[in-house]
Structures are given as C-alpha cells and as structure tokens.
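>>> The sequence and its predicted three-dimensional model are supplied below.
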Amino acid sequence: MVHSPADPLSVSLAIALGANLGDPVATFTAVRPQLEAELRAWAVAPLQLSWSPRFLTQPVGGPPGQPPYLNAVLLARLAAASLPGERWPDPTRLLARLLQLEATFGRERRERWGPRRLDLDLLWCGPFTCGSPELELPHPRLGERAFVLAPLAAIDPDLPLPVAPTGTPLTASAGLAALPRAALEPPPLVLPGEPGWPEGP
Ligand SMILES: Nc1ncnc2c1ncn2[C@@H]1O[C@H](COP(=O)(O)OP(=O)(O)OP(=O)(O)O)[C@@H](O)[C@H]1O
Ligand SMILES: Nc1nc2c(c(=O)[nH]1)N=C(CO)CN2
C-alpha cells in the first residue's frame with residue numbers, strides 16, 4: 001500500500017452496499033447502524049457520515065434472471081488532523097469487518113456476481129492504493145457502475161472520484177454522465193426515504 005499526496009479523497013472513504021436476495025430493504029435498515037458502529041470502531045478518530053438514498057438497479061453481470069438490486073453508498077469523511085499521529089487505520093482491518101458483516105447477514109459466495117443477501121465493497125479508503133486480489137483500492141470497477149455512481153452523485157454531485165495518477169479528475173456526476181447508454185438502461189430508480197432510511201430524492 002502506498003500513501004499519495006493529500007487531496008480531498010485522502011480524507012474520505014466510501015462503502016457500496018448491494019443486495020438482491022432475501023428482503024433487501026430490511027437488510028439495509030438492519031445493517032446501517034451496525035456498519036456505522038464497525039466503521040467508528042475501526043477509525044478511532046471522529047467521522048462525518050453521509051448516506052445516499054437507496055436505488056433499485058438492474059443486475060450487472062452474473063447469471064441471467066437475477067432479481068433487481070437494492071444499492072446505496074456510505075461516504076465517511078475523517079478529520080485527518082485528529083488521526084493518531086495522522087496515520088490512517090489499516091484498511092485490511094476494515095475489509096475484515098465488512099466481510100464479517102456480510103457473513104452475519106447470510107452472504108454466500110457461489111458464482112461471480114451471483115445474487116447475494118448483502119455485498120459490502122470498499123470503494124476507496126483515503127490515500128491507500130492496493131492491487132492484491134484480497135483488497136483492491138480504489139475499487140477497479142467503481143467508475144463503470146451506475147449502481148455506484150448514482151448513489152455517490154446523490155450524496156454530492158461534485159464529489160471527486162479516485163482515478164489513476166495520470167487520469168483527469170472526474171466528479172461523481174460527470175462519471176455518471178460519461179457512462180455508455182447501455183449502462184444506464186434502465187436508469188437506477190431512487191426510492192423515497194422512510195423511517196430507518198430517511199434519505200430520499
Ligand atoms: N475493494 C474491495 N472491497 C471489497 N472486497 C474486495 C475489494 N478488493 C478485493 N476484494 C475481495 O474480493 C473478494 C470477493 O468479493 P465479492 O465476492 O463481494 O466480489 P463482488 O462484489 O461480487 O465483485 P466486484 O469485486 O466486481 O464488486 C472479497 O473476499 C475481498 O477479499
Ligand atoms: N445492479 C447491481 N449489479 C451488480 C451489483 C450490484 O450491487 N448492483 N454488484 C455486483 C458485484 O459487486 C455485480 N452486479
């Protein structure tokens with residue numbers, strides 16, 4: 001893992017949630033406080049959390065005939081100055097917590113991109129870059145996925161996305177607008193807020 005120079009992304013992290021088996025709405029409502037608690041326990045330093053609305057999305061990849069997905073994103077901003085010694089906690093420890101939460105909610109791995117009760121993907125984690133199969137950061141497919149970009153753009157259209165060092169800076173809304181037509185057909189459908197998930201359109 002390598003630390004890159006300070007920028008707005010270097011003080012934030014984002015986690016994508018997905019589910020298309022069981023009762024995804026109930027799963028999201030139940031996992032939300034648990035994910036917040038896991039994140040705060042891992043980070044030690046204070047966090048400012050922003051949840052996206054929930055989106056109903058068409059399955060991308062995997063076996064045909066899957067149910068639609070429920071998707072959302074959690075964005076966390078850290079006050080870098082409040083980190084102990086200004087050092088980030090280890091992202092592999094956060095991934096371990098995410099995998100454990102998936103297991104708690106009955107996640108089973110059968111086939112690539114197969115249907116699942118809960119998927120938690122670490123999209124980026126501050127300044128870390130990492131290319132091992134166990135942990136890739138930033139997530140290599142985040143810029144291709146409407147089910148990730150639409151929730152990010154709903155939190156903040158001007159949110160910069162992590163790109164390769166030589167890449168042009170791209171915001172969440174620009175990334176969404178740049179997707180090929182097929183990736184937006186049908187477009188993600190934003191759900192109204194409700195108790196347990198107040199964020200809506
Ligand atoms: N950024 C990341 N976030 C979550 N898991 C990751 C990440 N990078 C690598 N992995 C590894 O990927 C493994 C398989 O994850 P999973 O089956 O959830 O993939 P997926 O969500 O179906 O596919 P995709 O990676 O395209 O989103 C995990 O066991 C984990 O170790
Ligand atoms: N609509 C949708 N499609 C997917 C999703 C997802 O969360 N939503 N997750 C995948 C693997 O991470 C593969 N395909």
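Looks like it arrived, so ask away. Ligands and ions are numbered 1, 2, ... in the order given.

>>> show me where the chain has strands.
2-3, 12-19, 47-51, 55-57, 69-78, 119-125, 128-132, 135-137, 160-161, 170-171, 189-190 (DSSP state E).

>>> If I average pLDDT within each of these, which one is lowest?
In terms of mean pLDDT, the lowest-scoring of these is strand 2-3 (a mean of 38).

>>> Get me the contact residues on the protein for ligand 1.
Taking CB under 6 Å from any ligand atom as the measure of proximity, the chain contacts ligand 1 at 95, 99, 109, 113, 119, 121-122, 134-137, 139, 141. Using the backbone N, CA and C atoms, a C-beta is placed for each residue, glycine as well.

>>> hmm, try it at 5 Å
Contact residues, the chain versus ligand 1 (CB under 5 Å from any ligand atom): 119, 121-122, 134-136, 139.

>>> What about ligand 2: which of those residues touch it?
With CB under 5 Å from any ligand atom as the criterion, the subset of the residues of the chain next to ligand 1 in contact with ligand 2 is empty.

>>> now the residues you listed as JSON lines including neighbour count?
Formatted as JSON lines, these follow (neighbours: other CB atoms under 10 Å):
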{"residue": "Asp119", "neighbour count": "18"}
{"residue": "Asp121", "neighbour count": "18"}
{"residue": "Leu122", "neighbour count": "22"}
{"residue": "Glu134", "neighbour count": "9"}
{"residue": "Leu135", "neighbour count": "17"}
{"residue": "Glu136", "neighbour count": "14"}
{"residue": "His139", "neighbour count": "19"}
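
>>> Please identify the most buried of the strands of the chain.
Burial of these is given as mean neighbour count (mean count of other CB atoms under 10 Å); strand 12-19 ranks first at a mean of 24.

>>> correct me, but Leu170 touches Leu161?
Yes. The criterion here is CB atoms under 8 Å, and Leu170 meets it with Leu161 at 4.9 Å.

>>> And Ile15, how far from Pro64?
28 Å (CB to CB, to the nearest Å).
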